[in-house]
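K.L.:
fold the following and give me the result.
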Amino acid sequence: MRSTSTKSPRAPKNRLSPLATGQVWRMDGMNLEVGLVGTILVHYKLGKPKAVRVPNSLASKTTVEKFLKKKKAVLVKK
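P.N.:
Next comes the predicted model:
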């Protein structure tokens, strides 16, 4: 006799929109502005919302996406 198992449908994952040039992501007391998006790397600026000088940073796409997901970032503008 075969056992019949019913699979319950999975809940949809909370996916972030793909990184694109010019996006601004808002987190707790910080903004992340995406500069250039390459095939592997992303240029971005991470700082307080009204900061005068914010350094440019460089990281892989996956690292930035994990960071945004961990901090529960919200996309402000594209």
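
K.L.:
for residue 30, give me phi and psi.
P.N.:
Dihedral pair for residue 30: phi -140, psi 160, per degrees, to the nearest 10.

K.L.:
quick one: pLDDT of it?
P.N.:
pLDDT for residue 30: 94.

K.L.:
that one and residue 6, how far apart?
P.N.:
Distance, residue 30 to residue 6, by CB to CB, to the nearest Å: 44 Å. Backbone N, C-alpha and C define where each C-beta goes, glycine included.

K.L.:
what about the two, which has more around it?
P.N.:
residue 30 (14 against 4; other CB atoms under 10 Å).

K.L.:
contacts only, for residue 47.
P.N.:
30, 31, 54, 55 (CB atoms under 8 Å, 6 or more residues apart in numbering).

K.L.:
before we move on, which element is residue 65 in?
P.N.:
Using DSSP states H and E, residue 65 sits within helix 61-70.
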